[in-house]
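Participant: Pasting a predicted model and its sequence here:
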Amino acid sequence: GYAGTSITIPNGVTSIGDYAFSGCTAEIIWGGTPTITEIGRYAFAGYAGTSITIPNGVTSIGVRAFHNCTSLTSITIPDSVTSISNSAFEDCTGLTSIHYTGDMVSWCGITGLDDIMSSGRMLYINGSKVEGEVIIPDETVMIPSYAFAYQTGITSVTIPDSVTSIGGAAFYGCDSLAAVTIPNSVTSIGSSAFSGCTSLPSVSIPASVTSIGNYAFRNCTALGSITIPFVGATKDGRSNTHFGYIFGASSYSDNGNYVPASLKEVIVTGGTSIGSSAFRNCTSLTSVTIPDSVTSIGSSAFSGCTSLPSVSIPASVTSIGNYAFDGCTSLASVDITDIGKWVAIDFAGDYANPLYYAGNLYLNGELVTGLVIPDGVTSIGSLAFYGCTSLTSVTIPDGVTSIGSFAFSGCTNIASATMPSHAINYIPQNSLKAVVITSGESIEDYAFSGCTSLTSVTIGHSVESIGGYAFYNCTSLSSVAIPDSVTSIGSGAFSGCGSLESMTIPFVGATKDGTSDTHFGYIFGASSYSWNDDYVPSSLKEVMITGGTSIGDDAFYWCSSLTSVTIPDSVTSIGGSAFFGCTSLASVIIGDSVESIGNYAFDGCTSLTSVTIPDSVTSIGGGAFRSCSSLESLTVSESNHVYHSAGNCIIETETGTLIQGCNNSVIPSDGSVTSIGSRAFSGCTSLEPITIPNCVTSIVSYAFSGCTAPIKWGDEPTIAVIGEEAFAGYAGTSISIPKSVTSIGKLAFANCSSLKLVAIGGGLTSIGSSAFWYCESLERVTFAGSVEQWQKVSKGSWWNSGCPLLTKVDCAGGSALV
């Protein structure tokens, strides 16, 4: 109830007790040299003065000592004060200036500044306002909580390396602070330490810091870049591992609400892990640097970082959690330093690999288009290159023994791959153009099925088997070379390869031993030789065989598109009808080891122009080159002991049988030919007029079947027998049969539709059945013998059937009706 205007506190008083002047309005005057050291609780609560100077010597100010001093605008605190109790200046709503008589080192030694350093109160230390560039003195060991809170005039702070901690809210509300230097000596930054520093553009927290409090950088709305030694609250990463924690987010789900929208760059300098959801929904980030101390990136760590264009993953990382980069829709590049370390990373799921969104992989700053897995790598982990669209080529060394699932899934631009065979199924095939198989024993069924862009394949010499339909529908494949190491090729292995032009194969058919399915069409899907022409692509022109001991019967039957076939020296036999109907075959090279050529082996090869028989051949079957209508050159090696050639004819030396002629043949008249063999000139539709010399004694069946050239005889023919169908289909209008001929075989002149006149010598004793069958134009037959002789000639049934114009045979001295 004291009503005076002033109170003097005399010397000798050492403490002011609790509530001592509570409610007093009188002016406080300190007498003489004050000796007071302590101000108690509520000691001056409600004091009405506008200013107060606490005398030097006071070391502590009690709880609510100046509570509700609403008129108080200024207070002076001596450097003797070491502690200010809780709420000492609570509700001092008019207080705007705080004058501290000591230096900044002492100021930073006071505890309990949180109440006095409220908004709107300017701090003066040793007579100078704390503003502008603030340099904390070297002797300072800590910056206490609220030490410089709300000092809006501070523009920069330099903290010396003597400081070990920055207290909570130490620079709270310093909204003009544009630069702060934190030394390597600092180990902790308290909660809200820089909260509300709205002008701070960047901050670098040194590696020495082991803990950062919640809200430490809350509302730092100008912050564009931050360097942190770890992510979250503490270096050990035991709790609160989300990035937003230091901005006030209580959990990762609040990252997007608390991390400032201005923040673009984060540089992490330490720690061993980026925790789960660490940067989740940090949508403003455009750059995050992960240090090489980090070994793991947690699940959803960068999920929803929609502005992040690139990420560098250090070689130290061994695992990345599921959804780590889910929703990083702006990712365009992933930079790594070591391919070998990258392929060893354990990716927990599709979105764990940033390549899923980025597509582009960079190795030490260079875009990886041609991926080469280093030697020494034995395993490529699952999802290693998932979605890596920058890859256009891949080389996988033979030392790689395992490849994880989806390792190359989504690598849609790979155009070439060099790899062991077990890697085939892991490489996307939609854009694959060139493949080199370097190792492995087998190419599996359907391995490249549907690779419509594949134009080139190189198969290594370790491969022993090619599976069924392995290259099915590789519609752009123009050539393929199968090495000699391959011993089996599955059915339809090259089915649907509609652009295939040339092929090198170690054998024909399914297996090297040739025990079954020996037809060429088998590898194109033909179930039997009769389907060759339907399955062997019409584009295929050239086949080079490099191995095997035989070309089986019907091997290339009706492969009508082939123009060239090379038969190797290992082959000893060419089977019957092996090239039957190969109508486009213009060239065939018969190897030097071939011993036998089967019946009709090249029958119907209408484009074949030349044949060379090597010295190894000892057997040529009947009709081997029948109906080769374009054949112009026949040559036998001079070293051959069974056959020889003369006048473009192949002659069996011992028997004197001309076994094959051609359009340009001239039958030797030197006595080396005594017989025209079966089908020797059959189908030679362009045969020049040919003379059958005197030395020929027989013309065997079908010898000139289908020939159109005029037939001439030597001046003294010795031929005795004209065989079955020997001149069937002959196109001449007349023919003279020498007197030496005693026998005309059945159908010998069948279907000679242009034949009008036949002159038969008098030595004839027999005519086979249907000998002149359907010679529809035949109107006259003459016989050099008498009618009686003609009547004695043995005539087979229907010898003149289909000859409507022929009514008689003109004999010497008369005619005989027919």
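Facilitator: Structure's in. What do you need?
Participant: who touches Ile313 in this structure?
Facilitator: For Ile313, the contacting residues are Ile290, Ile297, Ile320, Val334, Asp335, Ile336, Trp342, Ile345, Pro354, by C-beta atoms under 8 Å, 6 or more residues apart in numbering. Yep, even glycine has a C-beta here, placed from its N, CA and C like the rest.
Participant: and of those residues, the nearest to Ser801?
Facilitator: Trp342 (86.7 Å; C-beta to C-beta).
Participant: Report the contact partners of that closest one.
Facilitator: Ile313, Ala315, Ile336, Ala384.
Participant: Sheet partners, orientation included, of the longest strand seen in the chain?
Facilitator: Longest strand in the chain, counting residues (DSSP state E): strand 780-786. Looking at strand 780-786 with DSSP bridges, its partner strands are strand 757-760 (parallel), strand 808-812 (parallel).
Participant: if I look at Tyr215, how far off is Ile205?
Facilitator: Note on Tyr215: its distance to Ile205, by C-beta to C-beta, to the nearest Å, is 15 Å.
Participant: right, I mislabeled it, should have said Ala510
Facilitator: To Ile205, Ala510 is 71 Å away according to C-beta to C-beta.
Participant: Please identify the deepest-packed of the strands paired with strand 780-786.
Facilitator: The highest average neighbour count among the strands paired with strand 780-786, using mean count of other C-beta atoms under 10 Å, belongs to strand 757-760 at a mean of 19.
Participant: And for that strand, what's in contact with it?
Facilitator: So strand 757-760 is contacted by 733-737, 741, 744, 749, 772, 778-784 (C-beta under 8 Å, 6+ apart).
Participant: The nearest residue to Pro397 once chain neighbours are set aside: helix or strand, and which one exactly?
Facilitator: In space, and not counting its chain neighbours, Pro397 is closest to Asp375: 5.3 Å by C-beta to C-beta, 6 or more residues apart in numbering. Using DSSP states H and E, Asp375 sits in no helix or strand.
Participant: is it true that Asp375 touches Gly399?
Facilitator: Yes. Using C-beta atoms under 8 Å, Asp375 is in contact with Gly399, at 6.3 Å.
Participant: So if I had to pick from these two, which one is more boxed in?
Facilitator: Gly399 (14 against 10; other C-beta atoms under 10 Å).
Participant: one step back: of the contacts of Trp342, just the buried ones, PyMOL syntax please.
Facilitator: Those of those that count as buried under 16 or more other C-beta atoms under 10 Å are selected in PyMOL with:
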select buried, resi 313+336+384
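Participant: Pull the most distant pair out of the contacts of Trp342.
Facilitator: Greatest spatial distance in the contacts of Trp342: Ala315 and Ala384, 14.0 Å, computed using C-beta to C-beta.
Participant: Contacts made by stretch 669-679 with the rest, please.
Facilitator: Contacts of stretch 669-679 (C-beta under 8 Å, 6+ apart): 622-623, 626, 644, 646, 649, 651-653, 655-661, 667, 691-705, 714, 723, 726.
Participant: Strands of the stretch 701-818 of the chain, residue ranges please.
Facilitator: 711-713, 721-722, 734-737, 743-744, 757-760, 766-767, 780-786, 794-795, 808-812, 814-817 (DSSP state E, counting those that start in this stretch).
Participant: for those strands, which one sits closest to Gly248?
Facilitator: Nearest of those (C-beta to C-beta): strand 711-713, 112.5 Å.
Participant: Neighbouring strands of that closest one in the sheet, and parallel or not?
Facilitator: In the sheet, strand 711-713 lines up against strand 690-692 (parallel) (DSSP bridges).
Participant: Give me the contact list for the partner strand.
Facilitator: Contact with strand 690-692 is made by 661, 665-667, 669, 676, 681, 699, 709-714, 717, 719, as judged by C-beta under 8 Å, 6+ apart.
Participant: circling back to that earlier point, let's have the strands of the stretch 701-818 of the chain in TSV, adding mean pLDDT.
Facilitator: Shown next, in TSV, are the strands of the stretch 701-818 of the chain (pLDDT from 0 to 100):
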stretch	mean pLDDT
strand 711-713	91
strand 721-722	96
strand 734-737	94
strand 743-744	97
strand 757-760	97
strand 766-767	98
strand 780-786	97
strand 794-795	97
strand 808-812	97
strand 814-817	94
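Participant: what's the closest of those strands to Thr583?
Facilitator: With respect to Thr583, and counting by C-beta to C-beta, the nearest of the strands of the stretch 701-818 of the chain is strand 711-713 at 26.9 Å.
Participant: How far away from the center of its chain is that closest one?
Facilitator: Between the centre of strand 711-713 and the centre of its chain there are 70 Å (C-alpha atoms, centre = their mean, to the nearest Å).
Participant: And for stretch 381-401?
Facilitator: Distance of stretch 381-401 from the chain centroid (C-alpha atoms, centre = their mean) equals 7 Å.
Participant: Quick check: end-to-end length of it?
Facilitator: End-to-end span of stretch 381-401 (C-alpha to C-alpha, to the nearest Å): 11 Å.
Participant: distance between the ends of stretch 605-616?
Facilitator: Distance between the two ends of stretch 605-616: 23 Å, counting by C-alpha to C-alpha.
Participant: Identify each buried residue in that stretch, please.
Facilitator: Within stretch 605-616, the residues that count as buried by 16+ other C-beta under 10 Å are Cys605, Thr606, Ser607, Leu608, Ser610, Val611, Ile613, Pro614, Ser616.
Participant: try stretch 338-357
Facilitator: Those would be 339, 341-345, 347-357, for stretch 338-357 by 16+ other C-beta under 10 Å.
Participant: just stretch 676-686 next, same as before
Facilitator: Using 16+ other C-beta under 10 Å as the test for burial, stretch 676-686 gives Ile676, Gly677, Ser678, Arg679, Ala680, Phe681, Ser682, Gly683, Cys684, Thr685.
Participant: Model confidence score at the nearest residue to Asp103 once chain neighbours are set aside, please.
Facilitator: The shortest distance from Asp103 to any non-neighbouring residue, by C-beta to C-beta, 6+ apart, is to Asn126 (5.7 Å). Looking at Asn126, its pLDDT is 95.
Participant: change the start of the numbering to 796 and stick with it
Facilitator: In the new numbering, first residue 796, that becomes Asn921.
Participant: okay, now Asn921: neighbour count?
Facilitator: 13.
Participant: can you tell me which residues contact it?
Facilitator: The contact partners of Asn921, by C-beta under 8 Å, 6+ apart, come to Tyr895, Thr896, Gly897, Asp898, Met899.
Participant: Against Ser1071, how distant is Tyr1152?
Facilitator: According to C-beta to C-beta, Tyr1152 stands 19 Å off from Ser1071.
Participant: do the same with Thr1560
Facilitator: In terms of C-beta to C-beta, Thr1560 sits 109 Å off from Ser1071.
Participant: Looking at those two, which is more packed in?
Facilitator: More crowded of Thr1560 and Ser1071, by other C-beta under 10 Å: Ser1071, with 20 against 13.
Participant: Check the closest residue in space to Ser1405 that isn't next to it in sequence and give its pLDDT.
Facilitator: Of all residues beyond its chain neighbours, the one nearest Ser1405 is Ser1428 (3.8 Å), with distances taken as C-beta to C-beta, 6+ apart. With respect to pLDDT, Ser1428 has a value of 95.
Participant: now swap in the one 5 residues further on and tell me
Facilitator: Reading off the per-residue confidence, Glu1433 sits at a pLDDT of 96.
Participant: got the residue ranges for the helices in this protein?
Facilitator: With helices called from DSSP state H, the chain shows them at 899-902, 1050-1053, 1134-1137, 1150-1153, 1327-1330, 1582-1587.
Participant: Contact partners for the closest residue to Ser1414 other than its chain neighbours?
Facilitator: Setting aside the residues directly before and after it, Ser1414 is nearest to Ser1391 in space (C-beta to C-beta, 6+ apart), at 4.0 Å. By C-beta under 8 Å, 6+ apart, the residues touching Ser1391 are Thr1367, Ser1368, Ile1369, Val1412, Thr1413, Ser1414, Ile1415, Gly1416.
Participant: ok, how many other residues are close to the closest residue to Ser1045 other than its chain neighbours?
Facilitator: Closest residue to Ser1045 apart from its sequence neighbours, by C-beta to C-beta, 6+ apart: Asn1009 at 8.0 Å. For Asn1009, the neighbour count with other C-beta under 10 Å is 19.
Participant: No more questions from me, cheers.
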